[in-house]
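Q: Sharing a model prediction with you, sequence too.
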Amino acid sequence: MQSEVRNLQSETVAPPATTVGRVTDKLPAWYPQWARELADLYFSRTTGVFIVHGNVHDWVRVAGEDGEDAYCNLTEFFTAQVFGKWDVILQYDLSQGLKPQAGGSAERLRAMMQFLSARWGEPATWAREPDKVLLMLESLVERTLIDDDASRKSIAILFNYAQYLVSAGDLDVLARGQAARLVRFLSWAQNPLIRRVNIAFLLIADKLGEMNDRLVQSPQLATIEIPLPDRSERLRFLQSKTKEWPLAKLSEFSAEQLADMSNGLSLVNLDVLLSPVARLERRLDARRFRELKKTMIERQCADLIEFIEPTNTLDLLVGQEAAKKRLADDAELIIAGQVDTAPMGYLVCGPVGTGKSFLAECYAGSIGIPCVVLKNFRSKYVGETEGNLQQVLTVLRSLGPVVVVVDEADAALGSRQAEGDSGTSARVFSMIASQMGNTRYRGKIIWMLLTSRPDLLPIDLKRQGRAEVHIPLFYPQQPAEIRTMFEVMARKNKVKLAAGAVPEVSEQRRLSGSDIESIVLAAKRRAAAAKRGATTATGGEVNGSGVEITAIDLQESLAEFIPSAEGLEKELQEIAAVLECTQLSFLPAVWREKLAVSGARAALQERLVAIRQMLSE
């Protein structure tokens, strides 16, 4: 994939300090937008120190020798394109130490080595430890600043994996060396003399959250984010590879279709995904592509998200007719492309076992878009939690439309208050709240916050413009609902109910959906132990389970079942769900009648507070 690229030397040399106007207008048309932003900031003398973060390990498209698209890594792009005619380009990381980079030009490399050897001696004697390397670079910068214009060299220094040089952390926990490095970079960013000459420092890190906040937030320093490739960039990459990949033979999709389907993938991952198909000549169908994409994105997010393949739709939901209608209407609007009318997110609440996760999966299945579950992104290491979340949000922004399910949202998303974790929870909360309220992603990122304790969720996340539709779920209220729930749970677990097998169950038993599923599974075990198999008309097994549940199986399992005794907890959760509801029709008739009485909401609030006090004692 690494191709030889031509040096755009004249366009990428920084102009003298007296130059007026937008020099970036002279940059070639194929320059990526993030590189233009970097050039704008540099040419305007805003800063000479940059943090480049995001999709830093991907290919960058450039113009090749023959005028066709070519691709190189980020270091090659900076070396051969952005700083194509600069005198000295140095790259440093903790593994390889300090090395000059010449973009494949032997003549440039010799000139650099002559210049550097005269000051530092032979490369074998150069220091590798970061503190000593920064001292060497400091002496080089100071010498360059006092040189006259005729002899002054233009110098660019790239720090790969910069998060390991100036890691996130409070001042009192920073090691002496790390604190010295932080001060060194800040002093370079604040030095007005450096901004007047051709000296640039680029700190490259994939996760901005792992960089020290004092450096990131410095007004004298600029942060540049490299985004994941959009559809047009993915299409150009695929088209450039058609010489190697005969897509018509290897895939049932065209390049345009693959570009549509590969949202959320980097070019490197797209290459990794398709290269084995080309080598092994295995035809790529929809199922295999979904599996490969799922694996690539989960790996790209370091297993911080989990893809769910929705196999169910809202038709399977029992009861909750008003909520089902609202979700079905929203799904139709999103499918029709009317995303401006779609909510930013939903808050799904209710007592444990009411099927909150199942509802989210059914909603995603009805829209026909990917559904991901946000897993535990928190880490014990300072800065890594924020870095993990930033990486996930970057992928989600490019992946949309997507349903993002956050289970136990009251515990997962934190709050504005510091909680003895050096402010991590507050920063996580701020990042999530900012993304949820970004209307650019309305209908593209659909948040579904699931919790049995919505009263513990910060009000900032529940307001209009974030999780704006609050759907309460309750236990089955009517005998017909309970009977239907038994039938749905049997179908979900691939067992057959004998005719008239579902017994009459009083709503007074207060069985949740998970309780009913447990009863069905217990009856299935009884039937299996008795070796009663269910067969079709042709003698085959029903759904591959070979089990038929009779009325006796269900009656005995129902009689044996003892539900949870946490009555106060369940009452608290139900009251909290009622108080959170944003649409009266979402509530069962019994609750609508109760709320119609004057002062009913105030009484429920008082009861909620009283239960919380009793439970805390």
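A: Arrived safely.
Q: burial count for Asp66?
A: 9 (other CB atoms under 10 Å). Any C-beta I mention is one placed from the backbone N, CA and C, and that applies to glycine too.
Q: cool, and Glu386?
A: With other CB under 10 Å as criterion, Glu386 counts 25.
Q: cool, Lys207 as well?
A: For Lys207, using other CB under 10 Å, the count is 21.
Q: Quick one: residues contacting it.
A: Lys207 makes contacts with 53, 163, 384, 386-388, 390-391, as judged by CB atoms under 8 Å, 6 or more residues apart in numbering.
Q: what about 10 Å?
A: By CB atoms under 10 Å, 6 or more residues apart in numbering, the contact list for Lys207 reads 53-54, 56, 163, 168, 302, 383-384, 386-391, 394.
Q: Just to check, Val88 is in contact with Ala111?
A: Yes. Applying CB atoms under 10 Å as the test, Val88 and Ala111 come out as touching, 8.6 Å apart.
Q: intersection of neighbour lists for these two?
A: 100, 102, 153.
Q: distance of the first one from Asn73?
A: If I follow you right, that is Pro100. 17 Å (CB to CB, to the nearest Å).
Q: can you tell me the helix or strand for the residue at minimal distance from the centre of the chain?
A: Note on the chain: the residue nearest the mean C-alpha position is Val392, at 2.0 Å, using CA atoms, centre = their mean. Using DSSP states H and E, Val392 falls within helix 384-399.
Q: Could you tell me how far that helix lies from the centre of the chain?
A: Centre-to-centre, helix 384-399 and its host chain are 4 Å apart (CA atoms, centre = their mean, to the nearest Å).
Q: Who are the packing partners of that helix?
A: strand 49-54, strand 222-226, helix 286-300, strand 305-308, strand 371-374, strand 402-406, helix 424-436, strand 445-451 (3 or more CB pairs under 10 Å, 6 or more residues apart in numbering; DSSP states H and E).
Q: which ones are touching Gln338?
A: Here Gln338 is in contact with 330, 332, 443 (CB under 10 Å, 6+ apart).
Q: cool, Gln320 as well?
A: Per CB under 10 Å, 6+ apart, neighbours of Gln320: 314, 326-327, 350, 354-355, 359, 471-474, 476, 481, 586, 588.
Q: give the contact list for Leu604.
A: With CB under 10 Å, 6+ apart, Leu604 has these contacts: 574-576, 578-579, 591, 594-595.
Q: again, only using 8 Å
A: 575, 578-579.
Q: any chance of those residues in JSON lines, with pLDDT and neighbour count too?
A: Putting the contacts of Leu604 into JSON lines (pLDDT from 0 to 100; neighbours: other CB atoms under 10 Å) gives the following:
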{"residue": "Ile575", "pLDDT": "93", "neighbour count": "18"}
{"residue": "Val578", "pLDDT": "93", "neighbour count": "23"}
{"residue": "Leu579", "pLDDT": "93", "neighbour count": "17"}
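Q: about what we covered before: angle of the helix holding Val392 against strand 222-226?
A: Helix 384-399 runs at 50 degrees relative to strand 222-226, counting by axes from the mean of the first three to the mean of the last three CA atoms, to 10 degrees.
Q: between helix 384-399 and helix 286-300, what angle do the directions make?
A: If you take the same axes, to 10 degrees, helix 384-399 sits at 150 degrees to helix 286-300.
Q: Now do helix 384-399 against strand 49-54, angle only.
A: 60 degrees.
Q: How about residues contacting helix 384-399?
A: Here helix 384-399 makes contact (CB under 8 Å, 6+ apart) with 54-55, 163, 168, 206-210, 227-230, 263-264, 297, 300-302, 304-305, 370, 372, 374, 377-379, 402, 404, 424, 427-428, 431-432, 435, 441, 444-445.
Q: Dump that helix to CSV, restricted to CA.
A: Once non-C-alpha atoms are left out, helix 384-399 reads as follows in CSV (Å, rounded to 0.1, in the frame of the first residue of the first chain):
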residue,chain,number,x,y,z
GLU,A,384,-7.4,6.4,29.5
THR,A,385,-11.2,6.6,30.3
GLU,A,386,-11.6,9.8,28.4
GLY,A,387,-9.4,8.5,25.6
ASN,A,388,-11.5,5.4,25.3
LEU,A,389,-14.7,7.4,25.1
GLN,A,390,-13.3,9.8,22.6
GLN,A,391,-12.3,6.9,20.3
VAL,A,392,-15.8,5.3,20.6
LEU,A,393,-17.5,8.7,19.8
THR,A,394,-15.3,9.2,16.8
VAL,A,395,-16.4,5.8,15.4
LEU,A,396,-20.0,6.4,16.2
ARG,A,397,-20.0,9.7,14.4
SER,A,398,-18.8,8.0,11.2
LEU,A,399,-20.9,4.9,11.7
